[in-house]
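Visitor: Attaching a predicted model along with its sequence, questions to come.
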Amino acid sequence: MKVTSQALALISAILLNTSKAFTSVQKTSTTSSLSVANDLFVEMTAETGAAAAAGTANTHSSVTTYYGETLKESADLQTNACCTAARPAPHIAKAISNIHPDVIKKYYGCGFCVPDEVEGCTILDLGCGAGRDVYIASQLVGEKGRVIGVDMTPEQLKVAKETQAYHAAKFGYDNVEFHEGLIEKLDDIPSLKDGSVDIIISNCVINLCPDKESVLKSCHRLLKPGGELYFSDVYASRRVPQELREDEVLWGECLSGALYWNDFQNLAKQCGFKDPRLVEDAPITIENKKVQDKIEEMGHKNLDFYSATYRLFQLDCLEPHCEDYGQAVIYKGTIPRFESGWSLDDHHYMEKGKVFPVCGNTYNMLKETRFEKHFDFVGDWSTHYGIFDGCGTSMPFKSSIDGVSTKGGGGGGCC
């Protein structure tokens, strides 16, 4: 596939303004590094506004064509960035076994992105594709829950909708709905109201979106207080350079649009998610010699990619860093399937009955959310003891150290 002239114009304009932004950072302390990163995705100045709008439309068009026409099934992917190697948990595997084969065949995700304790919840799936994760979530939330899928690819949604009656008969109820639209423009979907969603999920899709800031801001607005954005996506060890971002295939394969991990964390905080939590991660080994050679020939051999699952809570009470108030929690062992212990994220595994010291943010993530009934809480906010031990800003992916996936049930080259 060739890059359109409009897309090249957009990229050139964005990079010109990015260069100016970096110069501005050096000259004034009031310009943040986040604004530079943000230029890579959402720059809409008067100078480049028309080109940016045209380029964004072309990006959407390219992605829609790639996933709607170029790819016919999962096997057509040219890299392993958009695939899942880790074995699903038994309850997820059981749910997958109930899903129509046509839906499974059109799956292009990079993780299992439905969190625990979701019965009766309203879940929104961004970039739902043919509906695999929607139909997984449909079974987990049950008849009293609701699942909403949004995707911009008509060919994918056609499969999701055509199999809706099949799944309703299989599950014994119909609790799903699908909408065609852009995940940057969720305002265009009338049924999505502010503060109406318990959980938002997304599976290897936000990296495909040119305006990631709009996506995150919409998620924060749509979530109920105490709700969360729980999603798997692709991240880079550094900012993806121009020549890779120009490649439509690499963008469609979820590589060129990957956010530098630190830009993502800063952008999430700017959009209201004050303490992003990493749940699991795995290194992505591209396993396509032609693609790998292209990256290396361009001089970017040391650019690494990771598949990672994050959870972002909609809680205004969270602080920018983990502060120590001498608090602790005790897990009751009551979350289904986790009678012995349960993990909030990749560094908070709490055994049943054991006093577990936590920072103020972790305390609130458990106290002010659907998880409260599963914990006893120790302490208050009367004394501040400083920063919580171990709170840092280095690259969070443990797999970057030893190359070993932190995802349950194995790993391998795929996400």
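Guide: Noted; the coordinates are in hand. Numbering: from 1, shown residues only.
Visitor: quick one: the helices in the stretch 301-415 of the chain?
Guide: Under the criterion DSSP state H, counting those that start in this stretch, the stretch 301-415 of the chain carries helices at the ranges 360-367, 399-402.
Visitor: could I get the longest one in PDB with only the CA atoms?
Guide: By that I understand helix 360-367. Extracted in PDB, the C-alpha atoms of helix 360-367 (Å, rounded to 0.1, in the frame of the first residue of the first chain):
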ATOM      1  CA  GLY A 360      -3.300   6.500  49.400                       C
ATOM      2  CA  ASN A 361      -4.100   6.000  45.700                       C
ATOM      3  CA  THR A 362      -4.400   2.200  46.000                       C
ATOM      4  CA  TYR A 363      -6.500   2.600  49.100                       C
ATOM      5  CA  ASN A 364      -9.000   4.800  47.100                       C
ATOM      6  CA  MET A 365      -8.900   2.500  44.000                       C
ATOM      7  CA  LEU A 366     -10.300  -0.200  46.300                       C
ATOM      8  CA  LYS A 367     -12.400   1.900  48.700                       C
END
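Visitor: Which strands or helices does it pack on?
Guide: On a contact count with 3 or more C-beta pairs under 8 Å, 6 or more residues apart in numbering; DSSP states H and E, helix 360-367 meets strand 327-331, strand 375-378. The C-beta positions use only the backbone N, C-alpha and C, and glycine is treated the same way.
Visitor: For the stretch 101-250 of the chain, give me the ranges with low pLDDT.
Guide: Confidence mapping of the stretch 101-250 of the chain against pLDDT under 70 gives the ranges 109-111.
Visitor: ok so, going back, so which of the helices of the stretch 301-415 of the chain is the most surrounded?
Guide: Counting by mean count of other C-beta atoms under 10 Å, helix 360-367 has the highest mean neighbour count of these, with a mean of 22.
Visitor: That helix vs strand 327-331, what angle?
Guide: With axes from the mean of the first three to the mean of the last three C-alpha atoms, to 10 degrees defining the directions, helix 360-367 sits at 30 degrees from strand 327-331.
Visitor: Might you report the residue contacts of residue 258?
Guide: Under the criterion of C-beta atoms under 8 Å, 6 or more residues apart in numbering, the contact partners of residue 258 comprise 207, 233-236, 240, 305.
Visitor: try 10 Å
Guide: For residue 258, the residues meeting the contact criterion (C-beta atoms under 10 Å, 6 or more residues apart in numbering) are 81, 206-208, 233-237, 239-240, 244-245, 250-251, 264, 284, 303, 305-307.
Visitor: Do I have it right that residue 368 meets residue 362?
Guide: No. Proximity of residue 368 to residue 362 does not meet the contact threshold set by C-beta atoms under 10 Å, at 11.2 Å.
Visitor: hey, what's in contact with both of these two?
Guide: Common neighbours of residue 368 and residue 362, counting by C-beta under 10 Å, 6+ apart, are residue 318.
Visitor: What residues of stretch 114-123 count as buried?
Guide: By neighbour count with 16 or more other C-beta atoms under 10 Å, stretch 114-123 contains the buried residues 114-118, 121-123.
Visitor: could you give the angle of the top strand by length along the chain to helix 360-367?
Guide: In the chain, with assignment by DSSP state E, the single longest strand is strand 223-236. Taking the same axes, to 10 degrees, one finds strand 223-236 and helix 360-367 inclined to each other by 120 degrees.
Visitor: What strands flank strand 223-236, and is each parallel or antiparallel?
Guide: strand 197-203 (parallel), strand 259-260 (parallel), strand 305-313 (antiparallel) (DSSP bridges).
Visitor: Out of the helices and strands packed on helix 360-367, indicate the one that is most buried.
Guide: Among the helices and strands packed on helix 360-367 - counting mean count of other C-beta under 10 Å - the highest mean neighbour count belongs to strand 327-331, which has a mean of 21.
Visitor: ok, residue 122 - contacts?
Guide: The neighbourhood of residue 122, defined by C-beta under 10 Å, 6+ apart, consists of 141, 145-148, 175, 196-200, 222, 224, 227.
Visitor: Let me fix that, I meant to ask about residue 362.
Guide: When contacts are counted by C-beta under 10 Å, 6+ apart, residue 362 touches 275, 277, 318, 322, 327-329, 344-345, 347-348, 350, 356, 388.
Visitor: List just the nearest of those to residue 158.
Guide: Checking the contacts of residue 362 against residue 158 with C-beta to C-beta, the nearest one is residue 277 at 35.7 Å.
Visitor: how much space is there between that closest one and residue 151?
Guide: With distances taken as C-beta to C-beta, to the nearest Å, residue 277 is found 26 Å from residue 151.
Visitor: Which one's more surrounded, these two?
Guide: In terms of neighbours (other C-beta atoms under 10 Å), residue 151 is the more surrounded of residue 277 and residue 151; the figures are 27 against 21.
Visitor: What count of nearby residues applies to residue 196?
Guide: By other C-beta under 10 Å, 16 other residues sit near residue 196.
Visitor: That one is in contact with residue 224, isn't it?
Guide: Yes. Contact between residue 196 and residue 224 holds when scored by C-beta under 10 Å: they sit 7.1 Å apart.
Visitor: wait, what's in contact with the nearest residue to residue 116 once chain neighbours are set aside?
Guide: Computed as C-beta to C-beta, 6 or more residues apart in numbering, the closest residue to residue 116 that is not its neighbour in sequence is residue 335, at 5.7 Å. Contacts here follow C-beta under 10 Å, 6+ apart; on that basis residue 335 touches 116-117, 341-342, 352, 371, 373-375.
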